[in-house]
Every structure is written in C-alpha cells, then in structure tokens.
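Asker: Pasted the sequence and its predicted model underneath.
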There are 6 protein chains.
Amino acid sequence: MIDYEDASPEVRAIFDDIRDTRQTEYINNFWKALAHDPATLKSTWLAVKSVMAPGALDALTKELIYLAVSTTNGCNYCIASHTVGAINKGMTPEMFGEVMAVTALANSTNRLANGYQVPVDAAFRQS
Amino acid sequence: MIDYEDASPEVRAIFDDIRDTRQTEYINNFWKALAHDPATLKSTWLAVKSVMAPGALDALTKELIYLAVSTTNGCNYCIASHTVGAINKGMTPEMFGEVMAVTALANSTNRLANGYQVPVDAAFRQS
Amino acid sequence: MIDYEDASPEVRAIFDDIRDTRQTEYINNFWKALAHDPATLKSTWLAVKSVMAPGALDALTKELIYLAVSTTNGCNYCIASHTVGAINKGMTPEMFGEVMAVTALANSTNRLANGYQVPVDAAFRQS
Amino acid sequence: MIDYEDASPEVRAIFDDIRDTRQTEYINNFWKALAHDPATLKSTWLAVKSVMAPGALDALTKELIYLAVSTTNGCNYCIASHTVGAINKGMTPEMFGEVMAVTALANSTNRLANGYQVPVDAAFRQS
Amino acid sequence: MIDYEDASPEVRAIFDDIRDTRQTEYINNFWKALAHDPATLKSTWLAVKSVMAPGALDALTKELIYLAVSTTNGCNYCIASHTVGAINKGMTPEMFGEVMAVTALANSTNRLANGYQVPVDAAFRQS
Amino acid sequence: MIDYEDASPEVRAIFDDIRDTRQTEYINNFWKALAHDPATLKSTWLAVKSVMAPGALDALTKELIYLAVSTTNGCNYCIASHTVGAINKGMTPEMFGEVMAVTALANSTNRLANGYQVPVDAAFRQS
C-alpha cells in the first residue's frame, strides 16, 4: 500500500480530495492499495464521490444498499468498511438488523425463483 | 403453477393472506409456483410479510435493497417483480437510476478490494 | 449446435459414449454446443461421467447437489436439465421442495454470516 | 457477540431451544452474533430447525447440500461450520470428496452453459 | 429504451461519441436503456471507452477478460454482446473455446479452494 | 494437508508431475489439500496442465483470465496464488492494474444490464 508520504503528486491530489470530502485525515487501505494504479484510483474515487452523494436517495440509504450488495458478494473488506461508513452516516443497530434481514431474504427468494423456474408475470414485463 | 381455484385449503389460506395484506386480488407467479410446497410457501410468505414491513427502515427503502440484491444476483424474475413493487411503493425513475448506480459501483469496488487483496483497516475491525 | 450427422469422428465417439452411458439416443443441447470444442467436450463429458457415477454418494444425491449449486448460480439451462435429470433418477416432488428449501436457507444464512462478520469458532477450525 | 449470560430472556429462550434440539451446551458464534437482532435470530433458528430436519431427504443429505451451496458462495464461516456439522451427521472423507467434486463440476458446467449460450432443450422445458 | 431521435441533447452527445469511437451508426440496447439516466450513461460510457482501450493489454485481451467475467456472472446480455465484440476484435473460435475452458476451470478450482479451506501459502502472501 | 513424504504412491506420482511441469520442487497448499481425494487431485491437475498450456491463447493471457474470474468470485486463495502465477509468467504491474480495471468494469456493467432488463439486440443473437 502507498502512504501519502510516498505518493506521487497525482495520487496526493486524490488523497487530498478524499480528505477534504470526508472531512478526515484518514485514508483507508482501499485507496492506498488502488494508488498503485493512479488512473483506477482517480476514476473509482470520482465515481464513489459522485454516486454516493445525496440525490434522489439520501447518503445513508445509499450506504445501506452498498452494504447489502457487499454482503451478498461476501466482500469482507467492503462489509467491514461500509458497516462503519453506514454507522457514521446514522445507521442504528435496528437499521443494520433490517438491512441484513432483507439481504438474507432476497438471497433466499432469488434462489426459489431460480429453482422453481418461475416465469415472469405479464404484469411485471417491461413493454 | 397452482391457481387459487386448484389450491388446497392450506394454500388458499396463504393466498388469502397475500391478497389481504397487499390489497389486491392478484397472486403473482412466484407464489403460485411455491404452492407446490405449502410449507415453503407459508414460511416464505410469512418472512416476506414480516421482513418487508416498515420498521426502522420504511417499506420503500427495503424494496430498494431487495432490488439491489436481486440485480447483483441476476435473478430476472425478482428484478422484474421488485422493480414493479418498488414503483408501487413510490420509487421514482431518479431513485431507480441511483439504486442501479450504487449497485453497479459496489459490484465494481467489491472486486477491486478482492483483487488488490486489501487488508481490513484496524479502524474497521469489530472488537 | 452440432448434430450427430454433422459431427467429426472425434465428436461422434463422445456422442456415442453419451448415448451408451445414458441408454438414450437423445443428445441434449449442452453437448451439441460443446462440440465446437472437441477437447472441452471430451474432458467435460468424462468428468460428468466419472463424478456423477455412484460412489460414496448415490447418483440421485449427486444430482440434488448439482441442482442446488445450479440454482444458487442461477444457471437456467442447468436448472432445467438437472431438474429433469434428478426426476429421472428418482427425485420426488417432496425431495425437490426440500432441495429448494435447503438451498434458499443456505443462501440466506451465508449472507447473515457474511454481514454480521461472524468469526469462525475455534471448534470449527481445521488444525 | 452475545453470550448466554448476557442475553435477554427472549434470546435465552432461543439459545435453550438450540441446546435442546442439538443436545449440546455449545452455542456457536453465528447464533451469538444474530442475538443482536432477536427477531432474525428467532426466525433463522426456526427455519434451520424446520428445514434441516429429516423429511423426504435425510439430515445428512441436507447438510451436504448446505455445504455445496456454502462452498459455491465462498462463505468461510458456513463452510467451516457445516463441514463439522456434516461430519457429526455421518459424512465420511469419501463423501466430502464427492460433494466437493460435484460442486466443482457444477460450477464449471454452469459457466460453459452460460458462455456457449445453450438454449434449453424442449424436453427440459416445463409445460 | 431511448432512441437517438427521442434523446435529449445530453444523451445524443454520448451516442455521437459511441458512434465515432466505434465507427458504426449502431447504438446497442445497453446504451439506449442507460439513456434513462444520463449521468450513469455518461460515466459508464467514459469508463468503457477508457478501460477497454489498448494499454498494457491489447483490446482483444480485454474483451476476453470481460467475456470471462460476464460468463462467470451469468449475465446473458453481456455474454451475447461481448462475444460479438470479441469476434469483431479478432477472437477466433479456438480462442473462444479456450476462454470458456479457462473460465470453467477457474470456477471449478475456486470452489475446491473454498471447500477444502486451503490456507494461503506464505509464498503467495503479500508483504 | 498431505506432504510429499506422507503421500501414497498415487499422489506422489501427481506431485512429481506437478514438479516436472512447473520446474520447481514447491508443491503449493492447494494440491496438498486435494491429496485427500486422489481422484480429484489427478483430474484437477490434468485439467490445469492441459487447459492452462499455451494454445490459441498464450499462457499469460490464460492466467489473467483466471485471475479475473477468481477476483469476481472472491476466492482469496486463488487470487493470491494466481497473482503470483501471473507475475511469474510476465504480468507487469500495469497489466495487473488493467485486469483489475476490466474486471471491476464488467462486474459493474453486468449489473446495469441485469437491473435495466436490457433485451439482447437481434444483432447479438446466435442464429
């Protein structure tokens, strides 16, 4: 991983923007690892910054969706970091429990729909 | 698939509860397929009814999480049915676009974290 | 897809072995598609023939496991073909229902274990 | 994680049922983690108790299916715990080897069917 | 889906860039669907344009990797479109067969490594 | 795990072939774990030896595809071992960065195609 002190000016500029945007000096390991590929570091950070900003959905709802996807995929790093991220944005233990319950349920019913080979209802088809 | 008319009393009772709860006569194909196994039909419906009800998270947020998980898993039936379900609960086109954007981003960064073998920050570890 | 009539001698030999082993003239689409790559056709068929044969587990149990994995992965072709394959080996509707219920449950609890970041019990660790 | 001593009466009742059902004092970490959300703890335990009980399939076969799904999903906790669970229900090393071989094969052929875009045979389609 | 004729100037500008870059009038359905969310359309197209351009890896190799990932995920649209895309960049039937064989093998051995709980060799660990 | 010294003649023969083929004394943990099931050890090794050998695609391209699939599946062992394997076959840091970028992009667009329910273009359909 590449620390701020050892980073190129290009990488430092991204690290500075992460710090400014998040209002913290802390750069987490994900970004330090991506720093090995400045182009991916930059595009990934800009995507996170843009996509996770409040819009039609608030920032917390977006974090909960992110956590549900990461939990489905079994990405340990992402689960750990986005659990903390969601708590920082206001996720309560009750909300966490409900995100997990919905995620578990969806993963269950997704397989029932697969295995029973359920045809899509005409009412659900896009014209 | 088993229609209401051909269903056993046990299955009809579940179908009746689905209709009451959802305030519609329509029983979608998922439940008609599960009707082949009344025990799974019942437990799955009770789980959906309980987990998807408003709690610390509102019903729409839960639908969005469900849609994000189904999209991640590529379950066509579930994507189609829960897109309609979310619209019925108030999802706007802008919200849909943001759910998709967050889901796509999380699937992307999950793999970057995997492939770069990023160690979990001490700050993110559960004590 | 490549039919028997249009197949090379190399491919025909595999098709003949499929017919002999399965005691049917019918060659399903999976093999006809793989016939475009005779090396993969051959190695895949030999693996199926060997792995799915009765051993410590009987042939039906192996089909049920195959179906559970295919259902988890959402492979429509494999779900359709192995559901029929399992029925041909003796799967009853009750067994099918239980395979689906276990598959759905495992997909659910897998995500709960992920999301709650449950550490492996010492009792479960391999020495 | 929440130990029995620190658990609410509601959680203790579930822990007691786990101990009774499994005939062991040991409560594994999965349940101690879920104890943070008593509703999910209860519904998950009741589902496990019901779905994994012998029915048309015996308890060992169900454990093998569970293990195959967990292996497909790469859930480390679930693989570790259900490997031990299966051994306790009679899984021999030979059976374990065959579950792994079938799981690996299905994961392989699932992708061949995907990538070759194999159309489902009419013979495999549900009417 | 949104056709060029019905698109906003913002979307048309992206469609024009897709046409220029790919040297074809044809806009495929993926982009027409994304046109419902111009921000995601733009960021996704710019990512595709940038990431899939020749670099340390040539454009064909990148297409083969894309196809392998899509095959692993079972994304039918992506498999169909990137198979054609790879053929247009020079993928021969032999190359396609080898991509499929490697993809199938990796999906198989990934599960063997999971299920056998193989510890990472010290020689493979990142310092 | 089973070391060479403790292995049966059948397993030793495979280990010898791995050593000869790879020109190294080192047998990695994956093979030592599979040694518990000599039939799977043998068939897996022969598949790896055959599929990963240079053909229409060179050995490095095959390793990159393998790495992309393993990264998609989140198989930590496979990511670690095949990253080293790819480096040994000539993968530069720039190539690694591009494999990760393509893998992340494909995982992202796979979900956009799923969630937007994009129909396959006639131009991409196989006749």
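Answerer: That came in fine, so what should we check first?
Asker: Based on its surroundings, how many neighbours for A:Glu98?
Answerer: A:Glu98: 26 surrounding residues under other C-beta atoms under 10 Å in any protein chain shown. (Each C-beta comes from the backbone N, C-alpha and C, glycine too.)
Asker: That one against B:Tyr66, yeah?
Answerer: No - here A:Glu98 does not reach B:Tyr66: they are 11.5 Å apart, not a contact under C-beta atoms under 8 Å.
Asker: got the CA coordinates for the biggest helix by length in chain A in CSV?
Answerer: Criterion DSSP state H: the longest helix present in chain A is helix A:93-115. Output in CSV follows, covering the C-alpha atoms of helix A:93-115 (Å, rounded to 0.1, in the frame of the first residue of the first chain):
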residue,chain,number,x,y,z
PRO,A,93,-28.4,-1.3,15.2
GLU,A,94,-32.0,-1.7,14.3
MET,A,95,-31.4,-0.5,10.7
PHE,A,96,-28.4,-2.8,10.4
GLY,A,97,-30.5,-5.7,11.5
GLU,A,98,-33.2,-4.9,8.9
VAL,A,99,-30.6,-4.5,6.1
MET,A,100,-29.3,-7.9,7.0
ALA,A,101,-32.8,-9.4,7.2
VAL,A,102,-33.8,-8.0,3.8
THR,A,103,-30.5,-9.1,2.2
ALA,A,104,-30.9,-12.6,3.6
LEU,A,105,-34.5,-12.8,2.4
ALA,A,106,-33.7,-11.6,-1.1
ASN,A,107,-30.9,-14.1,-1.4
SER,A,108,-33.3,-16.8,-0.3
THR,A,109,-36.2,-15.9,-2.6
ASN,A,110,-33.8,-15.2,-5.6
ARG,A,111,-32.9,-18.9,-5.4
LEU,A,112,-36.5,-20.1,-5.0
ALA,A,113,-37.5,-18.1,-8.1
ASN,A,114,-34.5,-19.6,-10.0
GLY,A,115,-35.1,-23.2,-8.9
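Asker: Same question for that helix: list its buried residues.
Answerer: A:95-115 (16 or more other C-beta atoms under 10 Å in any protein chain shown).
Asker: Check stretch A:48-57 too.
Answerer: A:48, A:51-52, A:55, A:57.
Asker: Now do the contacts for the closest residue to A:Cys75 other than its chain neighbours.
Answerer: In this structure, A:Cys75 finds its nearest non-sequential neighbour in B:Asn110, 3.9 Å apart by C-beta to C-beta, 6 or more residues apart in numbering or on different chains. Contact partners of B:Asn110, counting by C-beta atoms under 8 Å, 6 or more residues apart in numbering or on different chains, are A:69-70, A:73, A:75, A:78, F:74, F:107.
Asker: Just put those in JSON lines and tack on pLDDT and secondary structure.
Answerer: Output for the contacts of B:Asn110, formatted as JSON lines (pLDDT from 0 to 100; DSSP: H, G, I helix; E, B strand; the rest coil):
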{"residue": "A:Val69", "pLDDT": "98", "secondary structure": "helix"}
{"residue": "A:Ser70", "pLDDT": "98", "secondary structure": "helix"}
{"residue": "A:Asn73", "pLDDT": "98", "secondary structure": "helix"}
{"residue": "A:Cys75", "pLDDT": "98", "secondary structure": "coil"}
{"residue": "A:Cys78", "pLDDT": "98", "secondary structure": "helix"}
{"residue": "F:Gly74", "pLDDT": "98", "secondary structure": "coil"}
{"residue": "F:Asn107", "pLDDT": "98", "secondary structure": "helix"}
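Asker: Looking at the residues you listed, spot the one nearest E:Glu10.
Answerer: Within the contacts of B:Asn110, the smallest distance to E:Glu10 is 26.4 Å, found for F:Asn107 (C-beta to C-beta).
Asker: pLDDT score for the residue of chain A at minimum distance from chain D?
Answerer: For chain A, the residue positioned closest to chain D under C-beta to the nearest C-beta is A:Gly97, at a distance of 3.4 Å. pLDDT recorded at A:Gly97 is 98.
Asker: what do you get for the one 4 residues further on?
Answerer: Taken from the predicted model, the pLDDT recorded for A:Ala101 is 98.
Asker: A:Ser127 too?
Answerer: 59.
Asker: per-residue confidence at the most centrally placed residue in chain A?
Answerer: Centroid-nearest residue in chain A, with C-alpha atoms, centre = their mean: A:Tyr66, separated by 3.8 Å. As predicted, A:Tyr66 sits at a pLDDT of 98.
Asker: Which strand or helix spans it?
Answerer: Using DSSP states H and E, A:Tyr66 sits in helix A:59-73.
Asker: With just CA atoms, put that helix into PDB.
Answerer: What follows is helix A:59-73, C-alpha atoms only, in PDB (Å, rounded to 0.1, in the frame of the first residue of the first chain):
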ATOM      1  CA  ALA A  59     -26.500   9.300   1.600                       C
ATOM      2  CA  LEU A  60     -27.500   6.800   4.300                       C
ATOM      3  CA  THR A  61     -29.900   4.900   2.100                       C
ATOM      4  CA  LYS A  62     -27.100   4.600  -0.500                       C
ATOM      5  CA  GLU A  63     -24.700   3.200   2.200                       C
ATOM      6  CA  LEU A  64     -27.300   0.600   3.200                       C
ATOM      7  CA  ILE A  65     -27.600  -0.500  -0.400                       C
ATOM      8  CA  TYR A  66     -23.900  -0.700  -0.800                       C
ATOM      9  CA  LEU A  67     -23.700  -2.800   2.400                       C
ATOM     10  CA  ALA A  68     -26.400  -5.100   1.100                       C
ATOM     11  CA  VAL A  69     -24.600  -5.700  -2.200                       C
ATOM     12  CA  SER A  70     -21.200  -6.200  -0.400                       C
ATOM     13  CA  THR A  71     -22.800  -8.700   2.000                       C
ATOM     14  CA  THR A  72     -24.400 -10.600  -1.000                       C
ATOM     15  CA  ASN A  73     -21.000 -10.800  -2.700                       C
END
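Asker: Counting by contacts, list what that helix packs against.
Answerer: Using 3 or more C-beta pairs under 8 Å, 6 or more residues apart in numbering or on different chains; DSSP states H and E, the elements in contact with helix A:59-73 are helix A:76-88, helix A:93-115, helix B:59-73, helix B:93-115, helix C:93-115.
Asker: Tell me the helices and strands packed up against the shortest one.
Answerer: Counting contacts by 3+ C-beta pairs under 8 Å, 6+ apart, the secondary-structure elements packed against helix A:76-88 are helix A:29-34, helix A:59-73, helix A:93-115, helix B:93-115, helix C:93-115.
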